[in-house]
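Visitor: Sequence below, structure please.
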Amino acid sequence: MAHRTTGRPELLALLADAKARPEDAARRLILADWLDEHDEPYRAELVRLQCERAHLPPQSARAEECARREKALIEKHGATWLAPLGGGVASSTHERGLLNVVLQARSFLGQRLRSLAGSEAWAWVEQVGAWNVTRGGRLEAVLASPLLASVRGLNLTYTSLDAVGLGALAAVDLGHLRALGLGQTFVGARGVRALAAVPWLIGLTSLNLQQNHLRAEGARALAELPNLANLEEIDLLWGTIGPEGLAALAHSPHLARLRRLRLNGNHLGAKGMAVLASAPYWKAPTHLGLATCLLNDDAVAILAGAPNLAHVEALVLVDNQFGLPGVRALVDSPYLGALRELNVQRNPQLGRQGEAILRERFGDRLVD
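Guide: As a prediction, the model looks like this:
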């Protein structure tokens, strides 16, 4: 089947508009209306369902109903929606109706997929992942691909970013990107410092550095990067930054706009929660990922007593070490009124009593 190199102008404009303002659900709903008017009711329904569910407590009856219907739509129509991209898609997800895809390196660099740049089929892709692309000049070729012109996120997970790779990032201009994934790229503190030479990072609102074992030294280097001043989200899963590294980040004026912090797997403990509670720039975080952070009752009490939690919508406390005293601190906190999700899974010290107390206070906002 031949693919149009441009596509329907109205749809291309609506997709570009939705990607330009990813947090604005109204733009996606306008897209859904257009799809309905042009005989694409199932894709329109998926857009609406995912936009609605994004603002619901995940355990609520309506959220679960939306999720079931989304699953059914994707099972029935997903292959059709992906078909124009060919067989090189290793995995895919839908986020508020648009596509996030991971491509095999050979497919990403192949002529067939390259020919879709600017097409309606490729315009549905909001974020693209190209993993393990270091060898044989592949990274340079990926960064120069015309396919990147219309996406807003690039994921380079498992790409070893040595000096050559970091130089390749600095040699291109991808200032239109809003999200960059550098998980398991082995950047280390030296690599983080090298990111200072990549000026287009100033456009990023989201940076994923998970599983890079940055340690405190890497966190300090990250805190010194002025070209991260527009970041709103950072993922440091298993970054081994510790309380010292967290303190460097919390005191960085360059990271003052952060609202979504995924710190899972960093052994922060009570010292780390004290850092969060007194962070001079992080006054209104909305998402805190603190799974497997060695949080005991004292740590949770410090967190629950922090006024800067007043805007937190999602608090992830999975796999920690707190019991009933921590539960009571959460229940009594005056700062958790904005919560839509409190995840306390895999905390064996809670017991049924602790879970029941939390359920009474937080209702279907609790994930246990």
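Visitor: Any regions of the stretch 51-200 of the chain where pLDDT drops low?
Guide: 135-136 (pLDDT under 70).
Visitor: Recalculate using a threshold of 90.
Guide: 86-88, 104-110, 130-138, 157-165 (pLDDT under 90).
Visitor: Now do the strands in it.
Guide: 89-95, 98-103, 125-130, 153-155, 179-181 (DSSP state E, counting those that start in this stretch).
Visitor: Among the ones you listed, show me which one is buried the most.
Guide: Comparing those by mean neighbour count (mean count of other Cβ atoms under 10 Å), strand 125-130 comes out on top with a mean of 24. (C-beta placed from N, C-alpha, C; glycine too.)
Visitor: Distance to Arg260 for the strands of the stretch 51-200 of the chain - can I get that in TSV?
Guide: Shown next, in TSV, are the strands of the stretch 51-200 of the chain (distance: least, Cβ to Cβ, whole Å):
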stretch	distance to Arg260
strand 89-95	15
strand 98-103	17
strand 125-130	16
strand 153-155	14
strand 179-181	12
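Visitor: looking at those, which is closest to Arg352?
Guide: Proximity to Arg352 (Cβ to Cβ) singles out strand 89-95 among those, at 34.4 Å.
Visitor: the inter-axis angle of that closest one versus strand 125-130?
Guide: If you take axes from the mean of the first three to the mean of the last three Cα atoms, to 10 degrees, strand 89-95 sits at 150 degrees to strand 125-130.
Visitor: Remind me what strand 89-95 packs against, helices and strands.
Guide: helix 41-53, helix 61-82, strand 98-103 (3 or more Cβ pairs under 8 Å, 6 or more residues apart in numbering; DSSP states H and E).
Visitor: tell me the most buried of these?
Guide: Among the helices and strands packed on strand 89-95, the stretch with the highest mean neighbour count (mean count of other Cβ under 10 Å) is strand 98-103, at a mean of 22.
Visitor: contacting residues around that one?
Guide: 15, 18-19, 81-82, 85, 88-94, 113, 124-131, 153, 155 (Cβ atoms under 8 Å, 6 or more residues apart in numbering).
Visitor: Pull it out as PDB, backbone CA atoms only.
Guide: Taking Å, rounded to 0.1, in the frame of the first residue of the first chain, the C-alpha atoms of strand 98-103 are listed here in PDB:
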ATOM      1  CA  LEU A  98      -0.900   9.100  20.100                       C
ATOM      2  CA  LEU A  99       1.800   6.500  19.600                       C
ATOM      3  CA  ASN A 100       5.000   5.800  21.400                       C
ATOM      4  CA  VAL A 101       7.000   3.300  19.500                       C
ATOM      5  CA  VAL A 102      10.300   1.400  19.900                       C
ATOM      6  CA  LEU A 103      11.900   0.500  16.600                       C
END
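Visitor: circling back: out of the helices and strands packed on strand 89-95, nearest to Ala247?
Guide: strand 98-103 (33.2 Å).
Visitor: What pairs with the closest one, parallel or antiparallel?
Guide: Using DSSP bridges, strand 98-103 pairs in its sheet with strand 89-95 (antiparallel), strand 125-130 (parallel).
Visitor: Output these in CSV; the columns should cover distance to Gln59.
Guide: Listed next are the strands paired with strand 98-103 as CSV, based on distance: least, Cβ to Cβ, whole Å:
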stretch, distance to Gln59
strand 89-95, 20
strand 125-130, 27
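Visitor: for these, which one sits closest to Gly265?
Guide: strand 125-130 (21.0 Å).
Visitor: residues making contact with the closest one?
Guide: By Cβ under 8 Å, 6+ apart, strand 125-130 touches 19, 22, 85, 95, 98-103, 105, 108, 142, 147-148, 150-157, 159, 179, 181.
Visitor: what's the answer for stretch 39-46, then?
Guide: 31-33, 35-36, 69-70, 73-74, 76-77, 81, 94, 97.
Visitor: Where does pLDDT dip in the stretch 251-368 of the chain?
Guide: Applying pLDDT under 90 to the stretch 251-368 of the chain picks out residues 368.
Visitor: What segments of it are helices?
Guide: Secondary structure of the stretch 251-368 of the chain (DSSP state H, counting those that start in this stretch): helices at 269-277, 297-304, 324-332, 351-362.
Visitor: mind giving me TSV with the helices and strands packed on strand 89-95 and columns for distance to Val275?
Guide: Output for the helices and strands packed on strand 89-95, formatted as TSV (distance: least, Cβ to Cβ, whole Å):
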stretch	distance to Val275
helix 41-53	33
helix 61-82	32
strand 98-103	32
